[in-house]
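>>> can you look at this prediction? I've put the sequence above it.
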Amino acid sequence: MFTKFAIIDDAFGTDLPDRLAEFAIANQIGFAATKTSYADESEAVDPEFRLSKRFGGRLESIGREFRSGLSNLLPRLYEETGIPQIERPLMENELIANGDGGSLAWHIDTMTLDKRDGVDTERVLSTVYYFHRTPCQFSGGELEIHSLDGDVKPKLVAPRHGRLVAFPSFAPHSVRRLRVPSGRFEDGRFSLNCWIRFKTA
Ligand SMILES: O=C(O)CCC(=O)C(=O)O
Ligand SMILES: [Fe+2]
């Protein structure tokens, strides 16, 4: 049994993904190894679990442009993923670069902290927007959406330039290892992740 999920190609036209790829490549210096957060609230770089780089700077106007496009699409995304409409959604953005050997192990995006004091928002909808240099210089790196039960093959979503994928944050998923023959940062798989949260208090 799988959750519903949505795939929208050219979700925000053909120009924004080109400009986002340019932005990421021009800001390579602002990327550092992505950390993993654990249930006890600690954080560490764990390449066995996740091998990617995260942009630590500000997305500025291109981030605002993306979030405004995503806001317009939200009614459709709720509908297609089976998530009820959130009244005042909060958006949490992350710009990620996956290079040669990059991957992300099985996980869910819903917060699973043991200590929930002070936690007043929850992630409900996960969206990932993909872009890269064209033509594509890597292979692999598919998003795998796993079944909620049983020993069933995952559904694969290729990280195509300009593609948006959305799924409930409780859906288990992972990213298949990718290969970037040149080994160059600019030839990698880029994504802008945006989690839709709702305020619980
Ligand atoms: O890059 C992807 O396709 C998925 C990323 C993801 O699952 C995450 O960052 O939580
Ligand atoms: Fe995820």
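The structure has been received and is ready for your questions. Numbers count the residues shown, from 1 in each chain. Ligands and ions are numbered 1, 2, ... in the order given.

>>> what are the contacting residues of the lengthiest helix in the chain?
When the chain is scanned for its longest helix (criterion: DSSP state H), the result is helix 60-81. Under the criterion Cβ atoms under 8 Å, 6 or more residues apart in numbering, residues 3-6, 8, 11-12, 16, 19-20, 23, 59, 83-86, 89, 91, 93, 125, 127, 129, 164, 166-168, 192, 194, 196 lie in contact with helix 60-81. Every residue, glycine included, has its C-beta placed from N, CA and C.

>>> in it, what counts as buried?
Within helix 60-81, the residues that qualify as buried by neighbour count (16 or more other Cβ atoms under 10 Å) are 62, 63, 66, 70, 73, 74, 77, 78, 80, 81.

>>> also stretch 132-145?
If you call a residue buried by 16+ other Cβ under 10 Å, then stretch 132-145 has these buried ones: 132, 133, 137, 138, 140, 141, 142, 143, 144, 145.

>>> would you agree the fifth one is in contact with residue 178?
Yes - with contacts counted by Cβ atoms under 8 Å, residue 140 reaches residue 178, the gap being 4.1 Å.

>>> in terms of pLDDT, where does residue 169 sit?
Per-residue confidence (pLDDT) for residue 169: 96.

>>> on that earlier part again, ok, and of the buried residues of stretch 132-145, which contact ligand 1?
Contacts with ligand 1 within those, counted by Cβ under 6 Å from any ligand atom: residue 143.

>>> output the buried residues of stretch 132-145 as a markdown table; include the columns pLDDT.
As requested, those are exported to a markdown table (pLDDT from 0 to 100):
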| residue | pLDDT |
| --- | --- |
| 132 | 98 |
| 133 | 97 |
| 137 | 98 |
| 138 | 98 |
| 140 | 98 |
| 141 | 98 |
| 142 | 98 |
| 143 | 98 |
| 144 | 98 |
| 145 | 97 |
